[in-house]
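**Q** model the structure of this input:
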Amino acid sequence: MKLGQTMAALLLGAFITACGNTADGVKADTEVAAEKTADAMDATGAAVGGALQTGEIKTAIMADDRVDSSDINVDTDEPSKTVTLRGSVRTESEKTWAGEIATSKAPGYTITNNLVVRPN
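**A** Below you'll find the model as predicted:
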């Protein structure tokens, strides 16, 4: 009978240890999953913020009759707070206006005006 009780005690001890390890593993896995979720949410938030900024600048440039916006591309890099204008305009003044519009719509951002002047 002693052997049976000893085996039962050993099995119970192993079971309790395994459950403790499983609980610790679940806790660690949950912490890792929470960190990954937070990172994904940060990345999504930055992408959405950048897209909104891009849309606001592009809309403002399109609404301004001093600038032909048909060949202007606006890109926003939210993490670095940088807005880049690419494409072409007809005059140097259009390039300047587009840059000023972007600056006014994106306070706190660096504006990189890579527009090329291509007269018609």
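
**Q** hmm, who's touching stretch 76-89?
**A** Under the contact criterion Cβ atoms under 8 Å, 6 or more residues apart in numbering, stretch 76-89 has outside partners 46-47, 49-51, 53-54, 57, 67-68, 71-75, 95, 98-99, 102, 106, 108-118. Any C-beta I mention is one placed from the backbone N, CA and C, and that applies to glycine too.

**Q** how does it look with 6 Å?
**A** Contact partners of stretch 76-89, identified using Cβ atoms under 6 Å, 6 or more residues apart in numbering, comprise 46, 49-50, 53-54, 71-73, 75, 95, 98, 102, 106, 109-116, 118.

**Q** now, of the residues you listed, which are buried?
**A** 50, 53-54, 72, 75, 95, 98, 102, 106, 109, 111, 113, 115 (16 or more other Cβ atoms under 10 Å).

**Q** could you identify the most distant pair in those?
**A** Taking Cβ to Cβ, the two most distant members of the buried ones among the contacts of stretch 76-89 are Gly50 and Lys95; they sit 22.6 Å apart.

**Q** following the least confident helix or strand in the chain by mean pLDDT, which helix or strand shows up next?
**A** In the chain, the helix or strand scored least confidently by mean pLDDT, DSSP states H and E is helix 2-63, which has a mean of 69. Per DSSP states H and E, helix 2-63 leads on to strand 72-77 as the next helix or strand towards the C-terminus.

**Q** send the alpha carbons of that following strand over as CSV?
**A** Extracted in CSV, the C-alpha atoms of strand 72-77 (Å, rounded to 0.1, in the frame of the first residue of the first chain):
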residue,chain,number,x,y,z
ILE,A,72,1.3,66.3,-57.3
ASN,A,73,1.8,63.4,-55.0
VAL,A,74,1.8,63.8,-51.2
ASP,A,75,3.3,61.3,-48.9
THR,A,76,3.4,61.5,-45.1
ASP,A,77,5.8,59.5,-42.9
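
**Q** given that strand, what are its sheet partners and their directions?
**A** Looking at strand 72-77 with DSSP bridges, its partner strands are strand 82-89 (antiparallel).
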